[in-house]
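A.B. asks: Structure of the sequence below:
(one chain, ligands or ions: 1)
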Amino acid sequence: MIDFRLDEEHEALRKTVEEFAHQEVAPVIGDYYEREEFPYDLVAQMGRMGLFGLPFAEEYGGMGGDFTALCITLEELGRIDSSVAITLEAGVSLGAMPLYRFGTEEQKREWLPKICAGELLGAFGLTEPGGGSDAGATATTARLEDGEWVINGSKAFITNAGTDITGLVTVTAVTGVTDGRKEISTIIVPTGTPGFSVSKKYSKVGWNCSDTRELSFADCRVPEANLLGVRGRGYAQFLSILDEGRIAIASLAVGLAQGCVDECLRYAGEREAFGHKIGAYQAIQFKIADMEARAHTARLAYYQAASKMLRGEPFKKEASIAKLVASNAAMDNARDATQIFGGYGFMNEFPVSRFYRDAKILEIGEGTSEVQKMLISRHLGVA
Ligand SMILES: Cc1cc2nc3c(=O)[nH]c(=O)nc-3n(C[C@H](O)[C@H](O)[C@H](O)COP(=O)(O)OP(=O)(O)OC[C@H]3O[C@@H](n4cnc5c(N)ncnc54)[C@H](O)[C@@H]3O)c2cc1C
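C.D. replies: This next block holds a predicted model:
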């Protein structure tokens, strides 16, 4: 039997996060966005609520929940604001998950409790200035010398990499060549390590309260023990992290798509034109109906991908489908919502303008829409 309902625990979590997003995030996030400021106090509150530890075992300071719990949380946050949601998504799914999945007991005990508490953020450095989609083309290198990795190279667009509470970044680097093929490994680089520097924040179209930086490594030395998991398994590691991450990004995108519906329902019942509420016009009703249908179907897609993942079944194709349709839904809904708001939709004080600016990156980050289509067609056996 197919049961699409959330169980009691997940529904209770959803309600708690919904309240937090409405009561704590919504009233202040517009100002943070205007100032392009990282919302430390909201992140601290999310840490105290246990959100950064949602899918991790209690022995590492986590909440002992599952990946669905994270996704539901991202959806509710994304309904109000994407910067806060992506800070959590990148902190958990990209920053902490590689440590949790591949780290030694010592590495987990060193980093995870503080990350779960929201006191430290981890970042994931895969993309390079020379290209992100073709991640196997990594040019950053790490060579072993006197019991230390010596890292050289750079990474681009890395989320959560330069905040005051960033504790580490895990980076992929070429650690050798085997049978003519690059051997890629993942290495933990703590913030402040000599030779490791972060650029100033990029000026971005959206996600303006989220921290995004370029990273440089110039003869940056870390202990050999900072290798994450097995040497040479870096490529496989990041592929599996990104598969899961796509479901998380899909849930965030569904949140944005639903947030557009929320805003438009309210506005269509208030705004008048030609003597009637604009909601009386079928053109507006149909737009909102289309928006709801997109959010709804994208939600089903990510629920299904998450449930396959949790059952231990192959889920890569479903994760790509969820990411593709949810990011499309977010873009389409943001465009329609801004249209429904008319001129006010173009004013920064209205949340739909943030939704409009925040939607585009969802078609790019953690694998572009083209990359999702490549993955889906590969699974279908095309070419
Ligand atoms: C705000 C932000 C935050 C990010 N956070 C992180 C992070 O925390 N960690 C991290 O590692 N990365 C991060 N990224 C990087 C992101 O994942 C990459 O931008 C993305 O994977 C695309 O890579 P690219 O920008 O190099 O584009 P490219 O790979 O250069 O692609 C350019 C265009 O070509 C298309 N293309 C490429 N190859 C093909 C092909 N074979 N067939 C058809 N079309 C193709 C792409 O779809 C795209 O449209 C972030 C990016 C942004 C903007």
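A.B. asks: And the strands in the stretch 151-300 of the chain, which stretches?
C.D. replies: Secondary structure of the stretch 151-300 of the chain (DSSP state E, counting those that start in this stretch): strands at 166-178, 181-190, 196-198, 212-223, 227-228, 272-273, 276-277.
A.B. asks: now those in CSV, with mean pLDDT and mean neighbour count?
C.D. replies: To be clear about C-beta, it is placed using only N, CA and C from the backbone, and glycine gets the same treatment. What follows is these, written out as CSV (pLDDT from 0 to 100; neighbours: other C-beta atoms under 10 Å):
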stretch, mean pLDDT, mean neighbour count
strand 166-178, 96, 22
strand 181-190, 96, 21
strand 196-198, 98, 18
strand 212-223, 98, 20
strand 227-228, 98, 22
strand 272-273, 98, 10
strand 276-277, 98, 12
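A.B. asks: got these as CSV, with distance to the ligand columns?
C.D. replies: Putting the strands of the stretch 151-300 of the chain into CSV (distance: least, C-beta to the nearest ligand atom, whole Å) gives the following:
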stretch, distance to the ligand
strand 166-178, 8
strand 181-190, 11
strand 196-198, 12
strand 212-223, 5
strand 227-228, 14
strand 272-273, 36
strand 276-277, 37
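A.B. asks: want to throw these into CSV with distance to A330?
C.D. replies: Shown next, in CSV, are the strands of the stretch 151-300 of the chain (distance: least, C-beta to C-beta, whole Å):
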stretch, distance to A330
strand 166-178, 27
strand 181-190, 30
strand 196-198, 28
strand 212-223, 18
strand 227-228, 32
strand 272-273, 27
strand 276-277, 26
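A.B. asks: what's whichever strand or helix holds V43 in contact with?
C.D. replies: For V43, the host element (DSSP states H and E) is helix 40-48. The list of residues contacting helix 40-48 from outside it, by C-beta atoms under 8 Å, 6 or more residues apart in numbering, reads 20, 24-25, 28-29, 52, 84, 87-88, 117-119, 121, 163-165.
A.B. asks: 7 Å instead, please
C.D. replies: E24, V25, F52, V84, T87, L88, A117, G118, E119 (C-beta atoms under 7 Å, 6 or more residues apart in numbering).
A.B. asks: before we move on, what about stretch 332-346?
C.D. replies: For stretch 332-346, contacts defined as C-beta under 7 Å, 6+ apart pick out 256-257, 260-261, 263-264, 267-268, 284, 287, 291, 294-295, 350, 352-353, 355-356, 359.
A.B. asks: So which bits of that stretch are buried?
C.D. replies: D332, N333, A334, R335, D336, A337, T338, I340, F341, G345 (16 or more other C-beta atoms under 10 Å).
A.B. asks: And the residues you listed, which is closest to the ligand?
C.D. replies: Closest approach to the ligand among those (C-beta to the nearest ligand atom): A334, at 16.0 Å.
A.B. asks: Just give the closest residue to G122, not the sequence neighbours.
C.D. replies: Excluding its sequence neighbours, the residue lying closest to G122 (C-beta to C-beta, 6 or more residues apart in numbering) is G95, at 2.8 Å.
A.B. asks: That neighbour and G65, how far apart?
C.D. replies: When distance is defined by C-beta to C-beta, to the nearest Å, G95 is 17 Å away from G65.
A.B. asks: which of the two has more neighbours?
C.D. replies: Counted by other C-beta atoms under 10 Å, G95 and G65 do not tie: G95 has more neighbours, with 28 against 21.
A.B. asks: give me every residue that touches that one.
C.D. replies: Neighbour list for G95: I115, L121, G122, A123, F124, N160 [criterion: C-beta under 7 Å, 6+ apart].
A.B. asks: ok, which of these also contact the ligand?
C.D. replies: For the ligand, the contacts drawn from the contacts of G95 by C-beta under 6 Å from any ligand atom are A123, F124.
A.B. asks: Who wins on neighbours among the contacts of G95?
C.D. replies: Busiest of those [other C-beta under 10 Å] is L121, holding 31 neighbours.
A.B. asks: That residue and the ligand: what is the separation?
C.D. replies: 11 Å (C-beta to the nearest ligand atom, to the nearest Å).
A.B. asks: What of A142?
C.D. replies: 16 Å.
A.B. asks: Could you tell me whether that residue really is in a strand?
C.D. replies: Yes - assessed by DSSP: H, G, I helix; E, B strand; the rest coil, A142 belongs to a strand.
A.B. asks: residues in the stretch 1-150 of the chain within reach of the ligand, list them.
C.D. replies: Counting by C-beta under 6 Å from any ligand atom, the stretch 1-150 of the chain sits next to the ligand at A90, L94, A123, F124, G125, L126, T127, G131, G132, S133.
A.B. asks: Okay, and which of the residues you listed map to strands?
C.D. replies: Residues from these lying in strands, with DSSP state E as the criterion: A123, F124, G125.
A.B. asks: how about the residues you listed in CSV, adding pLDDT?
C.D. replies: Below are those laid out as CSV (pLDDT from 0 to 100):
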residue, pLDDT
A123, 97
F124, 96
G125, 96
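A.B. asks: Between those residues, which sits nearest E370?
C.D. replies: F124 (21.2 Å; C-beta to C-beta).
A.B. asks: Enumerate the positions of stretch 128-147 that are buried.
C.D. replies: By neighbour count on 16+ other C-beta under 10 Å, the buried set for stretch 128-147 is E128, G132, A135, T138, T140, T141, A142.
A.B. asks: again with stretch 236-249
C.D. replies: Across stretch 236-249, burial judged by 16+ other C-beta under 10 Å covers Q237, F238, S240, I241, L242, D243, E244, G245, R246, I247, A248, I249.
A.B. asks: Stretch 287-303 now?
C.D. replies: By 16+ other C-beta under 10 Å, the buried positions in stretch 287-303 come out as K287, I288, M291, E292, R294, A295, A298, R299, A301, Y302, Y303.
A.B. asks: Find the closest residue to the ligand in the stretch 51-200 of the chain.
C.D. replies: For the stretch 51-200 of the chain, C-beta to the nearest ligand atom, closest residue to the ligand: G132, 2.3 Å.
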